[in-house]
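In: Structure, please.
(one chain, ligands or ions: 2)
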Amino acid sequence: MELVSKQFFAMHKEGKKKVARDEVKPLGYYDTEHTKKVRDWKEVFDFTLQEPMIIPHDHEHREMWNQWPPHNPPQMKEVCQQYGAEMEKLGHKLLELIALSLGLERDRFRGFFEGGATSFIRLNHYPPCPVPDLALGVGRHKDAGALTVLAQDEVGGLQVKRKSDGEWILVHPTPNAYIVNVGDIIQVWSNDKYESVEHRVKVNAERERFSIPYFMNPTHDTKVEPLDELLSLRNAAKYRAYRWGEFFATRRLSNFKKLEVENVQIYHFKN
Ligand SMILES: O=C(O)CCC(=O)C(=O)O
Ligand SMILES: [Fe+2]
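Out: Ligands and ions are numbered 1, 2, ... in the order given. Sure thing, here's the model as predicted:
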């Protein structure tokens, strides 16, 4: 998987542009993502595991299909699909452990992902940046989905914000280990028992960096709200329900354009 990712980004711009995304084909290659209206110093390739991925669009539903380079890197599609299948298994295992830790049935979360999960995998390439203090690979954000399982290489650059004092702390690369991020959806499902962490990616003047996050997301029609079993008179729901697909579609749109308004965030649904 790492090799395929390196081979893909090493191709000429024309090769990558053949699988470039646009507003009609939103998956594939692009180098113009924005986080909170600021352009990120990176190029990426996105693919989904369930095809087509369906998300709401202008009061209709849009089908999203993957785009694969036809010949090079060799077997890119097969390698990516196989990796995706393993990530899905791991993701469900992690969700089962989280359910148990909350005193819920082991498979409490599974139904939210059945019949068209909107999970996707992203290949990230952060080229060396001549002025690393003026740019970020990815601006500060929280992952909006359920869980993120991230593979990063040995270069380092991912930082998480420590809650006690607001310091940015480097997540040291650990060989052969994944980083698991709880996303906003688990924060809402657990009514704040779990919290999603703010993070960002620093760029490096000398070295390029590669990372591969798997974003585990429910089906587009999932209504995200604190789970009934976790609520009581003394622990009232901290969030109002929202439709994942609409949230996701709004977020994605803001990656294409510099919107004039702030990105949609879960605190907008706080009670
Ligand atoms: O590259 C990384 O280490 C993390 C990227 C990230 O946070 C994201 O794509 O949401
Ligand atoms: Fe992230």
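In: name the element the residue most central in space within the chain belongs to?
Out: The centre of the chain sits closest to residue 215, judged by Cα atoms, centre = their mean, with a distance of 3.9 Å. Element membership for residue 215 (DSSP states H and E) is strand 209-216.
In: Give me the residues contacting whichever helix or strand comes after that strand.
Out: Downstream of strand 209-216, the next assigned helix or strand under DSSP H and E is strand 223-224. Contact partners of strand 223-224, identified using Cβ atoms under 8 Å, 6 or more residues apart in numbering, comprise 185, 188, 189, 218, 239, 241, 242, 243, 244, 247. Yep, even glycine has a C-beta here, placed from its N, CA and C like the rest.
In: With only the CA atoms kept, save the strand holding residue 215 in PDB.
Out: Extracted in PDB, the C-alpha atoms of strand 209-216 (Å, rounded to 0.1, in the frame of the first residue of the first chain):
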ATOM      1  CA  ARG A 209       5.800  12.800   4.100                       C
ATOM      2  CA  PHE A 210       3.100  10.200   3.300                       C
ATOM      3  CA  SER A 211       0.100   9.100   5.400                       C
ATOM      4  CA  ILE A 212      -3.000   7.000   4.700                       C
ATOM      5  CA  PRO A 213      -6.100   7.600   6.800                       C
ATOM      6  CA  TYR A 214      -9.100   5.400   6.700                       C
ATOM      7  CA  PHE A 215     -12.200   7.400   7.600                       C
ATOM      8  CA  MET A 216     -14.900   5.200   8.900                       C
END
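In: Report whether it contacts ligand 1.
Out: Yes. Contact of strand 209-216 with ligand 1 is found when judged by Cβ under 6 Å from any ligand atom, involving 211, 213.
In: Tell me the buried residues in that strand?
Out: Neighbour counts over strand 209-216 (16 or more other Cβ atoms under 10 Å) mark 209, 210, 211, 212, 213, 214, 215, 216 as buried.
In: didn't the first one look like it was pressed against residue 129?
Out: No. Using Cβ atoms under 8 Å, residue 209 makes no contact with residue 129, being 10.1 Å away.
In: Just say helix, strand or coil for residue 138.
Out: With DSSP: H, G, I helix; E, B strand; the rest coil as the basis, residue 138 sits in strand.
In: Residues of this structure that sit close to ligand 1?
Out: Going by Cβ under 6 Å from any ligand atom, the residues of the chain near ligand 1 are 122, 124, 138, 143, 150, 152, 158, 199, 201, 211, 213.
In: okay, the contacts of strand 223-224 in a markdown table with secondary structure next?
Out: Output for these, formatted as a markdown table (three-state DSSP):
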| residue | secondary structure |
| --- | --- |
| 185 | helix |
| 188 | helix |
| 189 | helix |
| 218 | coil |
| 239 | strand |
| 241 | coil |
| 242 | strand |
| 243 | strand |
| 244 | helix |
| 247 | helix |
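In: hang on, the earlier thing: which strands or helices does the strand holding residue 215 pack on?
Out: Other helices and strands packing on strand 209-216, by 3 or more Cβ pairs under 8 Å, 6 or more residues apart in numbering; DSSP states H and E, are helix 2-10, helix 76-101, strand 120-126, strand 147-152.
In: The same query, at a cut-off of 10 Å, please.
Out: Applying 3 or more Cβ pairs under 10 Å, 6 or more residues apart in numbering; DSSP states H and E, one finds that strand 209-216 contacts helix 2-10, strand 43-48, helix 76-101, strand 120-126, strand 136-141, strand 147-152, strand 179-182, strand 199-202.
In: what pairs with the residue of the chain found nearest ligand 1 across the strands?
Out: Residue nearest to ligand 1 within the chain (Cβ to the nearest ligand atom): residue 211, separated by 3.4 Å. Bridge pairing for residue 211 (DSSP bridges) gives the partners residue 124, residue 152.
In: any idea of the pLDDT on it?
Out: pLDDT recorded at residue 211 is 97.
In: Settle this for me: it is touching residue 150, isn't it.
Out: Yes. Counting by Cβ atoms under 10 Å, residue 150 is a contact partner of residue 211 at 6.2 Å.
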